[in-house]
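Student: my questions concern the predicted model and sequence given below.
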Amino acid sequence: MNGELHSPNYDNSTITIFFHFPSTFYGPPRNWIGRDPTHWENPLEFRPERFTAKGRSFGVDVKGKHYHFLPFGSGRRRCPGISLANGGAVDMTEGHGGSLHRAHPMRERERERDVGWSHK
Ligand code: HEM
């Protein structure tokens, strides 16, 4: 399988996610991901308790190893912000409006780092 899960495959192989796809195929439809009924009971229902200690999906890997659950994608192009998101640095509270905006936008914070040399 190509390293880019959500991008075109340019090699001559096939990829298999539920079905075999020819390499010219532009990847599996994104809305299939996370909706496999063999892994999720009532996959279309919002049931976050699936992930709690008593839930069936407790301990599922979010970093791209478990293909039935890929919130951050998988492979070489998976989300590089994963540690920020999991570390609680991303506030996903929604603001108001026709399109969704973050209620609290991310802010960059400069930090000095000792790299062992200086331009001074
Ligand atoms: C809950 C928070 C987040 C979720 C659910 C999320 C999810 C994703 C997903 C699904 C992808 C596509 C991966 C793929 O194509 O296989 C992605 C890509 C990406 N994400 Fe995130 N992300 C989150 C937060 C962040 C944050 C905080 C940053 C940066 C500060 C970030 C930066 C990126 C970038 C740069 C890419 C493109 C990577 C590439 O194309 O090589 N993400 N993210």
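Tutor: It's in. Numbers count the residues shown, from 1 in each chain.

Student: burial of residue 70, as a residue count?
Tutor: Neighbourhood size, residue 70 [other Cβ atoms under 10 Å]: 21. Where C-beta positions appear, they are placed from N, C-alpha and C, glycine not excepted.

Student: next up, the contacts around the most centrally placed residue in the chain.
Tutor: For the chain, the residue nearest the mean C-alpha position is residue 72 (1.2 Å; Cα atoms, centre = their mean). By Cβ atoms under 8 Å, 6 or more residues apart in numbering, the contact set of residue 72 is 62, 63, 64, 78, 79, 81, 82, 85.

Student: would you turn those residues into TSV with distance to residue 37?
Tutor: Below are the contacts of residue 72 laid out as TSV (distance: Cβ to Cβ, whole Å):
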residue	distance to residue 37
62	20
63	23
64	21
78	24
79	25
81	30
82	27
85	27
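
Student: confidence score at the nearest residue to residue 91 once chain neighbours are set aside?
Tutor: Closest residue to residue 91 apart from its sequence neighbours, by Cβ to Cβ, 6 or more residues apart in numbering: residue 104 at 4.4 Å. You'll see residue 104 listed with a pLDDT of 85.

Student: does residue 104 belong to a helix, a strand or coil?
Tutor: Under DSSP: H, G, I helix; E, B strand; the rest coil, the three-state class of residue 104 is coil.

Student: which residue ranges of the chain form strands?
Tutor: Remark: strands assigned in the chain by DSSP state E are 15-17, 19-21.

Student: no further queries at this time; thank you.
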